[in-house]
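Colleague: pasting the structure only:
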């Protein structure tokens, strides 16, 4: 099915929090193609996927438009972003993965995920408040 029809989202038993972040890639088509490949199914390191889940993240999606990345993270309501990112940065291979990805990203080498990805401000939502 074409992306023009939307993406199915995960359903949960209760409400969750959503965090949205952005990061820019270097403006190089070959690097962007390689970045995509390294995030494709079977290419992302299993330790990284396991670590993301271990700190309490329920779902993570990354979207790409040109050089702009947009990430959506869904978590339980009691999730504390700062403590989870601190824990994530200390897990095995996490900094190695960040360094591995830094060749493609407009970010300082040696940066953690939390330092690279910038939190976005929500300026509109359509949810009905009850």
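Modeller: Structure's in. What do you need? This one's a predicted model, so the numbers in the text were calculated from it and none came from an experiment. Residues are numbered from 1 along each chain as shown.

Colleague: if you average pLDDT over stretch 74-90, what comes out?
Modeller: When pLDDT is averaged over stretch 74-90, the result is 97.

Colleague: Identify each buried residue in that stretch, please.
Modeller: Neighbour counts using 16 or more other C-beta atoms under 10 Å place 74, 75, 79, 81, 84, 85, 88, 89 of stretch 74-90 among the buried residues. In short, each C-beta sits where N, CA and C put it, glycine included.

Colleague: Throw those into a markdown table and include secondary structure and distance to residue 14, thanks.
Modeller: What follows is these, written out as a markdown table (DSSP: H, G, I helix; E, B strand; the rest coil; distance: C-beta to C-beta, whole Å):
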| residue | secondary structure | distance to residue 14 |
| --- | --- | --- |
| 74 | strand | 12 |
| 75 | strand | 12 |
| 79 | coil | 13 |
| 81 | helix | 19 |
| 84 | helix | 19 |
| 85 | helix | 23 |
| 88 | helix | 23 |
| 89 | helix | 28 |
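
Colleague: Show me the two of those residues that sit farthest apart.
Modeller: Greatest spacing in these, by C-beta to C-beta: 74 and 89 (20.1 Å).

Colleague: bridging residues for the most centrally placed residue in the chain?
Modeller: Nearest to the geometric centre of the chain sits residue 71, at 4.3 Å (C-alpha atoms, centre = their mean). Beta-bridge pairing for residue 71 (DSSP bridges): residue 21, residue 62.

Colleague: Could you number the chain from 13 rather than 1 from now on?
Modeller: With 13 as the first residue, the last one maps to residue 83.
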